[in-house]
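[1] Fold the following for me, if possible:
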Amino acid sequence: MKKTIVLILALSMLILSLASCENGPHQMDEDKGPVISAYLTDEMYNFDPALAYTDDSASKIISLLYEGLMRVNSRGKVEKALAKEIVYNKETNIMKISLNQTKWSDGRDVSADDVVYAWKRILEPDFDSEACALLFDIKNAREVKKGDKTIDDLGLAAVETYVVEIEFEREINQDEFLENLASPALVPLREDVVGRNPDWAKRSTDIRTNGQFILRKMVYGDYLVIERSSYYYRDMEKDEVLNKYVKPYRFYIQFNKNRDENMTAYENNEIYFMGEIPLAKRAEYKNKATVKNLLSTHSYYFNTDNKLFSDSRVRKALSLALDRQAIADLVVFATPATGIVPNGVYENTYHKDFRQAGGDLISSSADVAAAKALLSEAKVNGGSFSITVRKSDETAMAIAEYCQGVWKDLGFNVTIKALGKTERKSEEENVSSCYDDDLYTAYVARDYDVIAIDAQALSTTAFGILAPFAKDFSGMAIDLENQNYDAVPHKTGFDNSEYNALIEEIFQENDLNKRAQMLHEAENMLIDEMPVIPIVFNQNAYLASDLLSGFDFSWYGTTIFKNLNMRDYNNYLPDTTAETISSDIFKGLK
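    This is a model prediction of the structure:
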């Protein structure tokens, strides 16, 4: 009996000690700064920055975890981040970028090799990423992507531990290339982590990050813990204070509650930051929330291999029938999409907006009569198709239901296919399950009729948005078993020879004014062909307690928390999750 009591006491002390350590969502005994209960965004299933461009939830988290060579500040100015010094020799067409010294979340130095690996990965022929066009100025990049040359032929190398050398095909516009390097998709990655495990970005134990925060712990369907990186630019030899560069210690996000339940918790002062306001509450909080434009467009991608959508007149008719202002009013935190390129993308300098310069290419109101006329011209009297949406995204679901009703009035039978996640259990002992995002899987396989995508601008340049619709710039993986190494068109299947030729001409053009003019021409061509329907320009809306201060935003509209402060934070610790932590511990002991 005494042995049993001793064992129980020992296990209890173990649970309590681990509940206060860095492996669980708890305040440490040592005061390290605020631990904040928050609902930053909906649950996500893949933390790979090269792939996280179809879901706004992903961009809000990824931006906290990784840092690239450049960044775009809240004023739209491109500035150095990981890059320390940039030297471009126009005679040799070689750029050298030296890096600031910082470390990964496990304490290893961030090196030039990590930058080189991440970019080479995107340019590999068998890798899918629309970001690859941002790197096509690099010598042999296009030939590498097409499989005509090997990755070793790429004009990219780590010539020193902290120096990246880039050789270009020709003289480039340095400012535009550096804008591209601020892309959230071009951050460094660890080859020893990414290369050894295809599921590295789906388990918190495998993810290594170099940004302000690390992914401390993730329990799918339960909670997520994001914690300040103790290695972020800190000089460890000088023993600099932990909060020198990042003030908040932890964010604790609960996923076992839906948006409505988290909203109630916010209203009851149980959580202090609400990054996803439920649809039912948006009208009430419209004038209370802080709202920033995201460089992102909620869009409907057509599968142009579907016979019903092979005629551009049908695609245009479906677009014309939508009242985008009504949809924006339904969503509340959005504006009508008046083109492919969203607000905030540069014309040819960060002082000039591409969307404003190009004007409205799409009306915010519906034109049902014109839609019916186009369908009649195309001899289409209706048909059946589905809209694929992410099940957890109530906003996407509401938009789909609106479009379903409008298109039903045009004579179409429209169903909504809501996709969630698929669990994959590991065959390895003591390795947790991971989940696949079924919508992303359908998107990559082009297993859809119409699919709802939050199309993230991967750069502040219009070229980065428009180029992937051209076959040779799509970034899609080629079939290496096909000896012809044929380029693969955009995910929609859109392949227009005139558009392809125009993008090629734009790529070769160095005069920024001519280039901007041609980019507007390309956007007009896409609007006329309509392989994708832009519906609304997305916005980031959040509510924060008066206890919080020090917010900032990137030009991409994502929140920057590194200077966030919480008044009297020791009086507002998160609710205990001892039962969850205890369960995890006992599983590990078995």
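[2] Please count neighbours and contacts with C-alpha atoms only from this point.
    Fine.
[3] Next, the contact list for Asp114, please.
    Taking C-alpha atoms under 8 Å, 6 or more residues apart in numbering, we find Asp114 in contact with Pro188, Leu189, Arg190, Glu191.
[4] The first one contacts Arg121, correct?
    No: with contact defined as C-alpha atoms under 8 Å, Pro188 and Arg121 do not form a contacting pair (10.4 Å).
[5] Settle it for me: which of the two has more neighbours?
    Residue environment comparison for Pro188 versus Arg121 gives the larger neighbour count to Pro188, 24 against 20, counting by other C-alpha atoms under 10 Å.
[6] picking that back up, is it possible to get a markdown table of the contacts of Asp114 that adds pLDDT and distance to Val291?
    What follows is the contacts of Asp114, written out as a markdown table (pLDDT from 0 to 100; distance: C-alpha to C-alpha, whole Å):
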| residue | pLDDT | distance to Val291 |
| --- | --- | --- |
| Pro188 | 98 | 30 |
| Leu189 | 98 | 31 |
| Arg190 | 97 | 34 |
| Glu191 | 97 | 37 |
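[7] Ranking by neighbours, what's the top pick from the residues you listed?
    Top of the contacts of Asp114 by neighbour number is Leu189, holding 29 neighbours under the definition other C-alpha under 10 Å.
[8] remind me which residues of the stretch 401-550 of the chain are low pLDDT?
    Per-residue confidence for the stretch 401-550 of the chain (pLDDT under 70) gives these ranges: 429-430, 480-485.
[9] Which parts of it are helices?
    Applying DSSP state H, counting those that start in this stretch to the stretch 401-550 of the chain gives helices spanning 438-444, 462-466, 497-508, 512-529.
[10] Sketch out the low-pLDDT regions of this structure for me.
    1-30, 349-350, 429-430, 480-485, 575-590.
[11] just checking, Asp42 touches Asp56?
    No: if you go by C-alpha under 8 Å, Asp42 and Asp56 don't touch, sitting 9.2 Å apart.
[12] which one of those two has more residues nearby?
    With other C-alpha under 10 Å as the criterion, Asp42 and Asp56 differ in neighbour count, and Asp56 comes out ahead with 26 against 20.
[13] Is it correct that that one is in contact with Ala452?
    No: shown here, Asp56 and Ala452 do not form a contact pair, counting by C-alpha under 8 Å, at 11.8 Å.
[14] For stretch 418-432, C-alpha coordinates in PDB please.
    This file holds the C-alpha atoms of stretch 418-432, laid out as PDB (Å, rounded to 0.1, in the frame of the first residue of the first chain):
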ATOM      1  CA  ALA A 418     -17.000  20.300 -48.100                       C
ATOM      2  CA  LEU A 419     -13.700  18.600 -47.500                       C
ATOM      3  CA  GLY A 420     -11.900  18.200 -44.100                       C
ATOM      4  CA  LYS A 421      -8.800  16.300 -43.200                       C
ATOM      5  CA  THR A 422      -7.600  12.700 -43.500                       C
ATOM      6  CA  GLU A 423      -5.600  11.100 -40.700                       C
ATOM      7  CA  ARG A 424      -2.500   9.100 -41.600                       C
ATOM      8  CA  LYS A 425      -1.100   7.000 -38.800                       C
ATOM      9  CA  SER A 426       2.700   6.500 -38.700                       C
ATOM     10  CA  GLU A 427       4.200   3.100 -38.900                       C
ATOM     11  CA  GLU A 428       7.000   4.300 -36.600                       C
ATOM     12  CA  GLU A 429       6.800   3.600 -32.900                       C
ATOM     13  CA  ASN A 430       6.000   6.600 -30.700                       C
ATOM     14  CA  VAL A 431       5.400   8.900 -33.800                       C
ATOM     15  CA  SER A 432       2.100  10.700 -33.800                       C
END
